[in-house]
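[1] I'd like to go over a predicted model; first the sequence, then the structure.
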Amino acid sequence: MLALIILSLLGVCAGQRGFRTFPARFRECDGAAKGILNIRNVTISAPLALKENCRNRHLLVKGRRVQICVEGTIPANSPFPLSGGAGLKNSAHGTLPALPPQDFCDVEKNGCKNTNPPCEQMKSGESVKVCSVLTVPNDPILLNPLVQPDVTVRWRTLVENNFDSSVCEKSYATQPGQIPFICMDLDTKVVNQPKCPRPLLG
């Protein structure tokens with residue numbers, strides 16, 4: 001079921017080529033989940049739908065890769081530069097209407113892969129760019145053309161004092177030794193083709 005509703009976060013890669021990107025429509029997490037990065041710009045290679053039954057949702061085509069890039073400034077009072085065993089950990093969750101968030105553990109958890117600048121060079125007060133490539137699942141059940149769900153995708157990158165890539169983040173709650181770096185929600189629709197599908201009824 002999890003594979004039907006969530007994206008596979010394959011890794012962090014700055015400056016990926018071959019993607020046509022668009023301004024992303026997103027919401028930063030609030031409260032304790034809010035990331036410390038002062039986000040300046042977010043782009044995504046999934047277009048934003050305008051038709052009524054998909055309005056304001058990014059269209060994620062089954063089986064295709066999607067790139068999302070986040071640019072921002074690290075605040076003055078931050079844990080950067082990272083030292084010792086500290087690192088950045090990626091986390092992804094997905095939510096369908098009327099269902100609770102589902103954790104997705106098949107994810108490249110090392111958020112320091114190909115960041116710009118590299119993690120060891122990140123400093124408080126400086127700008128960074130993080131680009132993540134996600135693959136839309138093409139599970140056999142999801143390939144059913146009638147299954148084109150609305151999915152709220154939450155993407156987080158956490159500063160982890162003792163980075164452990166073997167541990168999956170199963171909830172939105174920040175654990176001891178972690179600081180939210182980036183946290184955002186994106187409204188999406190998983191579709192068969194790069195266009196808004198017709199309503200099933202009407």
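    Yep, that arrived.
[2] for this structure, which spans come out with low pLDDT?
    1-17, 104, 106-107, 137-144, 200-202 (pLDDT under 70).
[3] which residue is nearest the centroid of it?
    The residue lying closest to the centre of the chain (C-alpha atoms, centre = their mean) is residue 155, at 3.2 Å.
[4] isn't that one right up against residue 132?
    Yes - in this structure residue 155 lies within contact range of residue 132 using C-beta atoms under 8 Å: 7.0 Å. No exception for glycine: its C-beta is placed from N, CA and C like everyone else's.
[5] Could you pull up the contacting residues of the residue nearest to the centre of the chain?
    9, 68, 90, 91, 92, 132, 182, 183, 184, 186 (C-beta atoms under 8 Å, 6 or more residues apart in numbering).
[6] helix/strand/coil for it?
    strand (DSSP: H, G, I helix; E, B strand; the rest coil).
[7] Residue 27 is in what secondary structure piece?
    strand 26-28 (DSSP states H and E).
[8] Return the list of strands paired to the following helix or strand past that strand, each annotated with direction.
    Using DSSP H and E, the helix or strand that follows strand 26-28 in sequence is strand 38-44. In the sheet, strand 38-44 lines up against strand 22-23 (antiparallel), strand 65-73 (antiparallel) (DSSP bridges).
[9] Nearest to residue 30, out of those?
    Closest approach to residue 30 among the strands paired with strand 38-44 is made by strand 65-73 (16.6 Å; C-beta to C-beta).
[10] What residues of the closest one count as buried?
    Across strand 65-73, burial judged by 16 or more other C-beta atoms under 10 Å covers 65, 66, 67, 68, 69, 70, 71, 72.
[11] got a list of what the second one touches?
    Just to be clear, that refers to residue 66. 7, 44, 45, 46, 60, 133, 134, 135, 136.
[12] Perfect, that will be all.
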